[in-house]
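Visitor: take a look and give me a structure for this.
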Amino acid sequence: MTKQEKQNIIKISWELHNKIESNYINHPAKKGSANWLEKQHLLLADMALHLLQTALHSEDSKHYRLQDNLYAILTISDQFLPKANLKEATKHIYNK
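Guide: As a prediction, this is how the structure comes out:
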C-alpha cells in the first residue's frame, strides 16, 4: 500500500470517526439503562477506527498507542463477551 493510499484511508477514517463520536456523545443512554449497550457499540466503533489509524501509521515509536487502542477495545468488548475473560487479558497489555 502506498503512503498516499494510507493517508486517504486515514482521512476517510477521521470523517467516520467524527460521525460516530458525535452520535456517541449525543446518545442519551446512561450506564445501566436499556440502551446502554447500543451506546457502547458506538464507543467500540470509535476505538476500532483509532486502531485502524494506529495500524496504518508506520512509526515504530507508536507502540504505546497500539497498547492503548487494544486496552480500550478489550475493556469495552468485555461487556459483550463476558465469558471470554477479556478484562483479564488487559492486565497483560502493558507488561514488558
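
Visitor: elements contacting the lengthiest helix in the chain?
Guide: Assignment by DSSP state H gives helix 3-26 as the longest helix of the chain. Here helix 3-26 touches helix 36-56, going by 3 or more C-beta pairs under 8 Å, 6 or more residues apart in numbering; DSSP states H and E. The C-beta positions use only the backbone N, C-alpha and C, and glycine is treated the same way.

Visitor: same for the helix it packs on, what does it pack against?
Guide: helix 3-26, helix 63-78.

Visitor: ok, and for the last one, which residues are buried?
Guide: The reference is to helix 63-78. By neighbour count with 16 or more other C-beta atoms under 10 Å, helix 63-78 contains the buried residues 65, 68-78.

Visitor: adding distance to residue 33, write the residues you listed out as TSV.
Guide: As requested, these are exported to TSV (distance: C-beta to C-beta, whole Å):
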residue	distance to residue 33
65	31
68	27
69	27
70	27
71	25
72	21
73	23
74	23
75	19
76	17
77	20
78	19
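
Visitor: pLDDT-wise, what's the bottom of these?
Guide: Among these, residue 65 carries the lowest pLDDT, at 89.

Visitor: wait, what's in contact with the closest residue to that one other than its chain neighbours?
Guide: Nearest in space to residue 65, with sequence neighbours left out and distances taken as C-beta to C-beta, 6 or more residues apart in numbering, is residue 54 at 4.7 Å. Applying C-beta atoms under 8 Å, 6 or more residues apart in numbering to residue 54 gives the contacts 62, 65-66, 69.
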